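*Asks:* what follows is a protein structure lacking sequence information:
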């Protein structure tokens, strides 16, 4: 175990997930990775993010790197054999906020992209996911409590019918402790629990099935 890895062996918490994640929790692309990164207080300080299944098998890992073009970022995703699987370009505005995420396959072909909008309080208002043909496939709307924490999200397909919503619980310090996903009828579909180190940085996020069994988990390494 490397010394710089903290393993206690990711919507505020923003879930920048794409349609593939909705269908398969073990898939990954740039939107997925960015979402898990931004669960942390300091995504730009993250050196590496690893995803494991319940049997402790590495599924994929991602790294965040400057693109060399303005303040854009590159997200690189690798499989468990260290082969590049997908990558994304995160386009940021002058305030450093992600405004569009373009996801590419290993052959550099565009797969899909996300448009991110903000409210007048500089909070994420919505994320809309588009396919390569510029057709909207999914939208996530964010709702905040009086402290500025994301307390609920609503997920809808292109027909605007909600197919999932989430609710989050916070500690008095503002750290998110748990996020629950629900079906439209109110049945629990999955939930996340978050672990922080002594400096208050997120170091592990566990994802559980509705029956409480571990689905997978995420390990965060910082620079």
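*Replies:* Yep, it's here. Fair warning: this is a prediction, and the values are worked out from it, not measured in the lab. Residues are numbered from 1 along each chain as shown.
*Asks:* just give me the neighbour total for residue 53.
*Replies:* 14 (other CB atoms under 10 Å). For the C-beta atoms, the positions are set from N, CA and C on the backbone; glycine is no exception.
*Asks:* distance of it relative to residue 212?
*Replies:* Remark: distance between residue 53 and residue 212 (CB to CB, to the nearest Å) = 16 Å.
*Asks:* show me what the nearest residue to residue 97 once chain neighbours are set aside is bridged to.
*Replies:* Closest residue to residue 97 apart from its sequence neighbours, by CB to CB, 6 or more residues apart in numbering: residue 118 at 6.5 Å. Residues in a beta bridge with residue 118, per DSSP bridges, are residue 124.
*Asks:* tell me the contacts of residue 118?
*Replies:* Contact analysis of residue 118 by CB atoms under 8 Å, 6 or more residues apart in numbering lists 97, 124-125.
*Asks:* out of the residues you listed, who's the most crowded?
*Replies:* In terms of neighbour count, residue 124 stands highest of the contacts of residue 118 at 22 neighbours, by other CB under 10 Å.
*Asks:* my read: that residue touches residue 116, true?
*Replies:* Yes - assessed by CB atoms under 8 Å, residue 124 is found in contact with residue 116 at 6.3 Å.
*Asks:* can you list residues touching both of the two?
*Replies:* Shared contacts of residue 124 and residue 116 (CB under 8 Å, 6+ apart): none.
*Asks:* give me the sheet partners of the helix or strand containing residue 50 and which way each runs.
*Replies:* Following DSSP states H and E, one finds residue 50 within strand 46-53. Sheet pairing of strand 46-53 (DSSP bridges) gives strand 58-66 (antiparallel), strand 214-222 (antiparallel).
*Asks:* for that strand, buried residues please.
*Replies:* Residues 46, 48-52 are the ones in strand 46-53 that count as buried (16 or more other CB atoms under 10 Å).
*Asks:* neighbouring contacts of stretch 157-177?
*Replies:* By CB under 8 Å, 6+ apart, stretch 157-177 touches 11-13, 15, 22, 39, 135-139, 147, 149-156, 178-184, 189, 193-194, 196, 200.
*Asks:* which parts of the protein are strands?
*Replies:* 46-53, 58-66, 73-79, 84-92, 98-105, 110-118, 124-131, 136-144, 150-157, 162-170, 176-182, 188-196, 202-209, 214-222 (DSSP state E).
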